[in-house]
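Trainee: what's the 3D shape of this:
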Amino acid sequence: MKLLKWVYEKKNKKPAPYYYDYSITTIISKPFRKWITNTIASNCPFNNIRIFLYRLCGFKIGKNVFIGMHSYLDDMCYDLLKIGDNVIISYGVYFACHGRNQGHYPIIVKDNAYIGMRANIISKNVNGSEKGVCIGERAVIGACTLVNRDVPDGMTAVGIPCRIIKSKGDKHE
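Mentor: Residues are numbered from 1 along each chain as shown. From the prediction side, this is the model:
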């Protein structure tokens, strides 16, 4: 790959894209990981097998986690997605750690969080930092919510883009 990178840089007179640094093993394993996560695991009717396959592909998933069918975990950035213990992720949730013309930023889902069906969690560069998006402990994400910023511990986020609403324990003024 170093030879291809050198040829690219000489021909185009600019730095080669990041993927020119990939090893042959990475180039071969990426399509298999994509196939396992997006075809086999996401369509598997058994949660234990689904979680096993995601972990096999390198995702960091805690204990007692439920991930609904047809969810998309960003297979390109499997090392940037961390899911805590006792998390419930409903049917069809979409996690994206990167996008076109955008860096790769982490998504962290802390313990006891709940993510409603068809929610989208899109990580981004917040205020020039590299921290991405964090969903706090006991946080609740409503169905069809677009999460593009942090959700504090114990809070509920709803809407497109998400807005934080007070938790049940808060007193209204």
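Trainee: Let me see the ranges of the helices in the protein.
Mentor: Assigned by DSSP state H, the helices in the chain fall at 2-12, 24-35, 42-43, 47-56.
Trainee: Run through the residues that contact the most centrally placed residue in the chain.
Mentor: What sits nearest the mean C-alpha location of the chain, by Cα atoms, centre = their mean, is residue 95, with 3.7 Å. Neighbouring residues of residue 95 by Cβ atoms under 8 Å, 6 or more residues apart in numbering: 71-74, 81, 107, 121. (C-beta placed from N, C-alpha, C; glycine too.)
Trainee: now these: which count as buried?
Mentor: 71, 73-74, 81, 107, 121 (16 or more other Cβ atoms under 10 Å).
Trainee: For these, which two are the farthest from each other?
Mentor: The most widely separated members of the buried ones among the contacts of residue 95, counting by Cβ to Cβ, are 71 and 107 (12.7 Å).
Trainee: which regions of this protein sit below the pLDDT cut-off?
Mentor: Scanning the chain with the threshold set as pLDDT under 70 gives 1, 125-130, 167-173.
Trainee: Repeat the analysis, applying 80 as the threshold.
Mentor: The chain contains residues with pLDDT under 80 at 1, 18-19, 99-102, 124-130, 166-173.
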